[in-house]
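Enquirer: Got a predicted model here, sequence first, then my questions.
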Amino acid sequence: MGTIQMLQAGSGFQGMLKEGARHYAGLEEAILRNIEACVQMSKITRTSLGPMGMNKIVVTNLDKIYITSDAATLIEEMEIHHPAAKMLAMAAKTQESEVGDGTNFVLIFAGELLQQAEGLLKMGLHPSEILIGYEKAYKKCLEILPTLVTSTIKDISNKEEVLPCLLSVASTKLYGYENVLAPLIFEACGYIMPKNHTNFDVDNVRVAKIMGPSINDSTLMHGLVVVRGAETSVTSVKDAKVAVYNCPIEANQGETKGTVLLKNAEELMNYTKTEEKHMEDFIRSVSEAGINVVVAGGNVSDVALHFLEKYHIMVVKIMSKFELRRIANATGAVMLVRYGPPTPEEVGRCDEVKVEEISSQKVTIFKREKEECRMATIIIRASTNSLMDDAERTINDCVNTIKCMVRDPRFLPGAGAIEILLANEIQKYAAITPGLDQYSIQKFGQSLEIIPRTIAENCGHKAEDLIAALYSECQKSKTVGIDIESGTVKEVKVYDSYEVKMWAIRLALDAVLTILKIDQLIMAKPAGGPKQRVPRPGDAADEQFQLSSF
């Protein structure tokens, strides 16, 4: 009987699925819906591209507020549920993890490719023909890109060569402050740069945020800076031996509750003597091991502080496990989870550990000059938290640009020039390509125009006039671009990393090809109980009526 009811309930593919499942198939239901979702997501970040990009406010489920124009942060904090849009978000996250910049390019370019593909699909082209054309255009891009290189970094320690590239990156998020941040980033990267440049580690450039008057007051400090003072009166130690404890320094408490009955004053005096004796023995053993700086990963009890002060040991309390791990890496120490003196192999070393005061905020600096352990910290000063967060993201992008520079020192023309140069060559290639592929190759070239178009629109200039001028001027010189202040096309010193651009085009295309290959969407019923009913205006009156009826 159950089988007959099941057959009567539904027929076709929908009848095979559980109740509540959804199934979409075909051009209108699956492909075009996926394209629409991805295009809408790319439009969210499109207005944030370039130096004049607009900020977005994202409020998370924990009521944390983000005010930023950084596409990577927006995608990370937005809860995207559409499966096709998730693929595009994953491509942007991969771009961020691989090269650390160019996430907005991935989203905007992929969205434009999909929008152009929608027009071709409505004209009657099959998705497979569009895929073949896009792949041919991408291969042509890989052939053209090396011929458009305008700058190659020969000496990464040469400020005159590197600084223009950092200025180009810094100005996209904090336009007007790039001349302050870029020299600090160059100096920080130069300080930690190992002899073998391939061992450059972006984590060795740290950021500390302290409220202050302006970003112009930001400074660079050699060493790892922790925004916290010392717990004891010892505030400076040279040739320090550091012990890092990944636990609080206090007496262990039992899991069960107990009651102690004290009959006289002598018992009261002797009650804590055992605890004090054990704590003093522990601190004495640490001091005898030569340790003069202790970093604790939790609370430090008053009894422990008393004996640490007695043996002239500097104490720094760190509540963040990530910060504790960085200190261990910077000093070469091993994080301990036991009470007792560290072995010689577990001891970290610093040339100097000292406490300084920056605008009434005490900070502790761990400085070590050993090449593989050098760290530099940029102290960001700004009047708001959102401005400091944007400065931190700008620093991360610039440091990742240095990392890309180490791997591939080639740079392409920026300010919309590279996209116009590529678009021009791709459209020429489409004109000589036979078959239906030429339509999708042509659309690929036109899609590249979206970057200079968006930059111009976000700056308040006429996009059509600037794109026409770019096509004309790029034939004469590769180093021209959009001047955002005057709204004209002229010689500009703006550069894009070759590796960032190559990765961005590749990841955007991979996401587009994956989305265009989807012709069916099968969604199971979401797990969990029924969703909470949205309150309506008449609910309060209904509730009052029900109460009065009793």
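Expert: Yep, it's here.

Enquirer: Quick check, N104 in contact with K43.
Expert: No. N104 is not in contact with K43 according to CB atoms under 8 Å; the separation is 11.9 Å. C-beta: built from backbone N, CA, C; applies to glycine.

Enquirer: Comparing the two, which shows the higher neighbour count?
Expert: Using other CB atoms under 10 Å as the criterion, N104 and K43 rank with N104 on top: 27 against 13.

Enquirer: Return the residues in contact with the closest residue to the more buried one other than its chain neighbours.
Expert: Distances taken as CB to CB, 6 or more residues apart in numbering place A71 nearest to N104, at 3.8 Å, with adjacent residues excluded. With contact set as CB atoms under 8 Å, 6 or more residues apart in numbering, A71 has these partners: T45, S48, A92, T103, N104, L107.

Enquirer: can you tell me how far A71 sits from I380?
Expert: For A71, the distance to I380 equals 21 Å [CB to CB, to the nearest Å].

Enquirer: do L32 as well
Expert: 45 Å.

Enquirer: Which one's more surrounded, the two?
Expert: Neighbour comparison, L32 and I380: the larger count goes to I380, with 25 against 16 (by other CB under 10 Å).

Enquirer: Report the contact partners of the residue nearest to Q361 when sequence neighbours are not counted.
Expert: Closest residue to Q361 apart from its sequence neighbours, by CB to CB, 6+ apart: I210 at 5.1 Å. Contact analysis of I210 by CB under 8 Å, 6+ apart lists V227, I358, S359, Q361, V363, I379, I380, R381.

Enquirer: Distance check, G176 against K443.
Expert: Between G176 and K443 the computed distance is 37 Å (CB to CB).

Enquirer: These two - which one has more neighbours?
Expert: Each of G176 and K443 has its neighbours counted (other CB under 10 Å); K443 has more, 24 against 9.

Enquirer: Quick check: the more buried one touching G119?
Expert: Yes. Between K443 and G119 there is a contact under CB under 8 Å: 7.4 Å.

Enquirer: Closest to C189 out of the contacts of A71?
Expert: T103 (21.4 Å; CB to CB).

Enquirer: Tell me how many other residues surround the closest one.
Expert: Applying other CB under 10 Å, we find 29 residues neighbouring T103.

Enquirer: Same check on the one 4 residues further on?
Expert: Number of residues near L107 (other CB under 10 Å) recorded here: 31.

Enquirer: residues contacting it?
Expert: M41, S42, T45, R46, A71, I75, L88, A92, A508.

Enquirer: Restricting to C-alpha, output the top helix by length along the chain in CSV.
Expert: Scanning the chain for the helix with the most residues, using DSSP state H, yields helix 385-407. This file holds the C-alpha atoms of helix 385-407, laid out as CSV (Å, rounded to 0.1, in the frame of the first residue of the first chain):
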residue,chain,number,x,y,z
ASN,A,385,38.8,50.8,14.6
SER,A,386,37.5,50.4,11.0
LEU,A,387,40.3,52.7,9.7
MET,A,388,42.9,50.6,11.6
ASP,A,389,41.4,47.4,10.2
ASP,A,390,41.6,48.8,6.6
ALA,A,391,45.2,49.8,7.2
GLU,A,392,46.0,46.3,8.4
ARG,A,393,44.4,44.8,5.3
THR,A,394,46.4,47.2,3.2
ILE,A,395,49.6,46.1,4.9
ASN,A,396,48.8,42.4,4.3
ASP,A,397,48.1,43.0,0.6
CYS,A,398,51.4,44.9,0.2
VAL,A,399,53.4,42.2,2.1
ASN,A,400,51.8,39.5,-0.1
THR,A,401,52.8,41.6,-3.2
ILE,A,402,56.5,41.4,-1.9
LYS,A,403,56.0,37.6,-1.6
CYS,A,404,54.7,37.5,-5.2
MET,A,405,57.6,39.7,-6.3
VAL,A,406,60.1,37.2,-4.8
ARG,A,407,58.5,34.4,-6.8
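
Enquirer: next helix or strand past that helix?
Expert: strand 410-413 (DSSP states H and E).

Enquirer: Which strands border that next one, and is each parallel or antiparallel?
Expert: When pairs are called by DSSP bridges, strand 410-413 turns out to pair with strand 151-152 (antiparallel), strand 495-497 (antiparallel).

Enquirer: And the contacts of the longest one?
Expert: Read that as strand 495-497. 99, 101, 150-151, 164-165, 168, 401, 404-405, 408, 411-414, 418.

Enquirer: What ranges in the stretch 1-150 of the chain fall below the confidence cut-off?
Expert: Residues of the stretch 1-150 of the chain that meet the criterion pLDDT under 70 lie in 1-29.

Enquirer: again, only this time at 90
Expert: Applying pLDDT under 90 to the stretch 1-150 of the chain flags the ranges 1-105, 111, 114-150.

Enquirer: pLDDT at C373, what is it?
Expert: Predicted confidence (pLDDT) for C373: 71.

Enquirer: So what's the residue count around it?
Expert: Residues lying near C373 (other CB under 10 Å) number 18.

Enquirer: now the strands for the stretch 401-550 of the chain?
Expert: 410-413, 480-483, 488-491, 495-497, 520-523 (DSSP state E, counting those that start in this stretch).

Enquirer: Could you identify which of those strands is most buried?
Expert: Burial of the strands of the stretch 401-550 of the chain is given as mean neighbour count (mean count of other CB atoms under 10 Å); strand 495-497 ranks first at a mean of 27.

Enquirer: Mind checking the pLDDT average for that one?
Expert: Rounded mean pLDDT across strand 495-497 is 85.

Enquirer: Please compute how far it lies from its chain's middle.
Expert: Centroid displacement of strand 495-497 relative to its chain, using CA atoms, centre = their mean, to the nearest Å, is 19 Å.

Enquirer: Stretch 76-85 too?
Expert: On CA atoms, centre = their mean, the centre of stretch 76-85 falls 16 Å from that of its chain.

Enquirer: show me what contacts V334?
Expert: V334 makes contact with V244, A328, P342, E345, E346, G348 under the criterion CB under 8 Å, 6+ apart.

Enquirer: One more pass at 7 Å, please.
Expert: A328, E346 (CB atoms under 7 Å, 6 or more residues apart in numbering).

Enquirer: Also K501?
Expert: Taking CB under 7 Å, 6+ apart, we find K501 in contact with L412, I418.

Enquirer: go with 8 Å
Expert: G102, F105, L145, L412, I418.

Enquirer: and what of T384?
Expert: Contacts for T384 (CB under 8 Å, 6+ apart) come out as none.

Enquirer: ok, now how distant is it from I67?
Expert: Using CB to CB, T384 is found at 9 Å from I67.

Enquirer: what's the answer for T152, then?
Expert: 38 Å.

Enquirer: Those two: which has the busier surroundings?
Expert: More neighbours surround I67 than the other of T152 and I67, with 15 against 11 (other CB under 10 Å).

Enquirer: So which bits of the strand or helix carrying the more buried one are buried?
Expert: Under DSSP H and E, the secondary-structure element containing I67 is strand 65-68. Under the neighbour-count criterion of 16 or more other CB atoms under 10 Å, strand 65-68 has Y66, T68 buried.

Enquirer: Right, I'll leave it there.
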